[in-house]
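> sequence-free structure coming up:
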Ligand SMILES: Cc1ncc(COP(=O)(O)O)c(C=O)c1O
C-alpha cells in the first residue's frame, strides 16, 4: 500500500497503546496494575457534567465557531487573567480538541518542512511525532548536567539556522520536574531575542507540590501579546480530571490565533459544543476539585517516593508536580522497552519505557491511581526484579512462581 512519506514516519502513541493493552488484559481477567496511566481518576466536576447535560437535553447540538463558543472564550480569558495576570481579547484565544490539538495546530502554523523545534528531554511522547507531522524535525535537549532541570545553555547549544520554535513543558511529563523561575525567565528572554516561537505547555501548571506556586511566563516577556511569539497552551484534561472531554486552548497573538483557527477550521471545525459547555462549567464552577486532586496527587507522590526509595538499585528524583515520576532502572536493565515488557509479562504491572521520552534505562511510573495500586505495583516489580526475592508471590489467590533468575 502506498502511504505518504510523512505517514510512514509516524508511530502509534505509546501511552495510548498501553491503555489499550491494559484494557485487553483486564478483559481477559488478568490482575493488571496500570502504572502507565496519564489521567487522574477523580470524577469530572459536577458543574461540567450539568452544563453538558443541560445542552444535551435541549437536543440542539450544532456547529460552533472554529475557535470556540463565546462563553468558553470568556471563561478562558478569566482564567488567563487569574493565573497569568493578562487581560487578553477573545481574538487572542482558540479553544481546541485538547491541549494536544492546540499544540499540533500551533506547530502547523509556525513550522516549515525541515525546520526544527527544540524541547528539553525527557519530553512528552507526542512532540517528536507532532514535528514530523509538519515535515519538520524535533530536537531533544537533554540537560548536560544529568538532571531533569535544563539550563538555557542546553537549549542555546542546539539552536541553529533551522530552529524555529522551542516547546517547554513544566511541570514536566514524564519527570515531574518543575523548571526554575530563572530558567523560564531565561527561555522567554532568549526566544524573544532570537525571534523564536515559544510554546509553553502548561497543562500541569496547577498540579504542583510542596507549596510551589505556578510560574507565569508572561511575567518575563517584554512584548505586548500581539507582538509576541509566545503561545500559551493549557486545558481542562488534567487539572479538572476531564481527559475524555478533550478540551484545551491556546492564548497567543491575534495574528497567530487567526491562522491557527483557519487550520483548525479545516481539520475539525473546532471542538464539540457539548464538550465546550462542559469546560465552561468546569472553569466557571466550584473550584475545590482542583485542590482536592492536587492534595491527593501530592500524597500519592509521597507514597510512590517512599516505596521507590526502598527499592535497591532504583534511582529517582522527587517530582515537583504532575502525577508521574521517571525512575532510573538501568541497574536492572538498560533497555527500557525490554524491561517494561518483562514487568507486564511476569507480574502484570504496566509501566512506560523511558526510551519513548528520549531517555533509555528509565521507566515512567504514574501515581494518578489508587494508593493500593502504587504500593502493590512497586511490590510486584521488586519481586520480579530482585533476585533475592522469595520464590513465590500471591496476587489475590493467584500464585506466581519465580521461574527466572
Ligand atoms: C505534556 C502534555 N501536554 C499535552 C497533553 C495533552 O493534553 P490534552 O488531553 O488536553 O490533549 C498531555 C497529555 O498527556 C501532556 O502530558
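Arrived safely, thanks for sending. Computed from a predicted structure; not experimentally measured.

> And residue 223, how close does it get to the ligand?
25 Å (Cβ to the nearest ligand atom, to the nearest Å). For every residue, glycine as well, the C-beta is placed using N, CA and C.

> domains of this protein?
As recorded under automatic domain parsing, the domains making up the chain are 5-43+288-385, 58-284.

> Just send those domains back as TSV, with mean pLDDT and mean neighbour count too.
TSV is the format used below for those (pLDDT from 0 to 100; neighbours: other Cβ atoms under 10 Å):
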stretch	mean pLDDT	mean neighbour count
domain 5-43+288-385	93	19
domain 58-284	97	20
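
> between these, which gets nearest to residue 396?
Of all the domains of the chain, domain 5-43+288-385 sits nearest to residue 396, with 6.0 Å by Cβ to Cβ.

> Can you give me the first-to-last residue distance of the closest one?
End-to-end distance for domain 5-43+288-385, by Cα to Cα, to the nearest Å: 41 Å.

> wait, doesn't residue 141 sit right on residue 148?
No. Assessed by Cβ atoms under 8 Å, residue 141 is found out of contact with residue 148, at 11.9 Å.

> What's opposite the nearest residue to residue 197 once chain neighbours are set aside in the beta bridge?
Nearest non-adjacent residue to residue 197, counting by Cβ to Cβ, 6 or more residues apart in numbering: residue 165, 3.9 Å away. Bridge pairing for residue 165 (DSSP bridges) gives the partners residue 117, residue 197.

> Go ahead and flag the most central residue of the chain.
Central residue of the chain (Cα atoms, centre = their mean): residue 173, 5.1 Å from the mean position.

> one step back: okay, the residue nearest to residue 197 and the ligand: tell me how far apart.
For residue 165, the distance to the ligand - Cβ to the nearest ligand atom - is 15 Å.

> Dihedrals phi and psi, the residue in the chain that the ligand sits nearest to?
Of all residues in the chain, residue 98 sits closest to the ligand, at 2.5 Å by Cβ to the nearest ligand atom. Main-chain dihedrals, residue 98, degrees, to the nearest 10: phi 90, psi 160.

> list the contacts for it?
235, 237, 246-248 (Cβ atoms under 8 Å, 6 or more residues apart in numbering).

> Please list which of those are also close to the ligand.
235, 237, 248 (Cβ under 6 Å from any ligand atom).

> among those residues, which are in strands?
Using DSSP state E, the subset of the ones next to the ligand among the contacts of residue 98 located in strands is 235, 248.

> quick one: which of the ones next to the ligand among the contacts of residue 98 is nearest residue 184?
For the ones next to the ligand among the contacts of residue 98, the nearest to residue 184 is residue 235 (19.3 Å; Cβ to Cβ).

> Quick check: that closest one touching residue 247?
Yes. Between residue 235 and residue 247 there is a contact under Cβ under 8 Å: 6.0 Å.

> where do the contact lists of these two overlap?
96, 98.

> Residue 375 and residue 349: what is the separation?
Using Cβ to Cβ, to the nearest Å, one obtains 12 Å as the distance from residue 375 to residue 349.

> Kindly report the same for residue 296.
Where residue 349 is concerned, residue 296 sits at a distance of 21 Å (Cβ to Cβ).

> do the same with residue 45
31 Å.

> next one: residue 382
10 Å.

> List, one by one, the residues from the stretch 1-150 of the chain near the ligand.
Counting by Cβ under 6 Å from any ligand atom, the stretch 1-150 of the chain comes close to the ligand at 38, 98-100, 124.

> In helices, which of these appear?
Per DSSP state H, helices hold the following members of these: 98-100.

> Make TSV out of those and add distance to residue 63.
Below are those laid out as TSV (distance: Cβ to Cβ, whole Å):
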residue	distance to residue 63
98	19
99	22
100	21
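
> Out of these, the closest to residue 50 would be?
residue 98 (21.6 Å).

> how about residue 332, secondary structure?
Here residue 332 is recorded as coil under DSSP: H, G, I helix; E, B strand; the rest coil.

> sorry, that was for residue 258
helix.

> got a list of what it touches?
Applying Cβ under 8 Å, 6+ apart, the residues near residue 258 are residue 91.

> at 7 Å what do you get?
Contact analysis of residue 258 by Cβ atoms under 7 Å, 6 or more residues apart in numbering lists nothing.

> Show the pLDDT at residue 404.
Here the pLDDT value assigned to residue 404 is 67.

> Actually, residue 47.
Reported pLDDT for residue 47: 96.

> oh, and call the first residue 241 from now on, that's how I've got it
Done: numbering now begins at 241, and the last item shifts to residue 287.

> which residues are in contact with the one helix or strand it maps to?
Element membership of residue 287 [criterion: DSSP states H and E] is helix 286-298. Residues external to helix 286-298 that are found in contact with it (Cβ under 7 Å, 6+ apart): 301, 480, 482, 513-514, 517-518, 520-522, 525-526.

> Kindly report the same for stretch 339-347.
Under the criterion Cβ under 7 Å, 6+ apart, external residues in contact with stretch 339-347 comprise 334, 336, 357, 366, 370-371, 373-374, 439, 441, 443, 471, 473-475, 477, 488-490, 500, 503-504.

> and stretch 574-591, how far from the chain's centre?
22 Å (Cα atoms, centre = their mean, to the nearest Å).

> Also stretch 595-607?
The mean C-alpha position of stretch 595-607 is separated from the chain mean by 13 Å, Cα atoms, centre = their mean.
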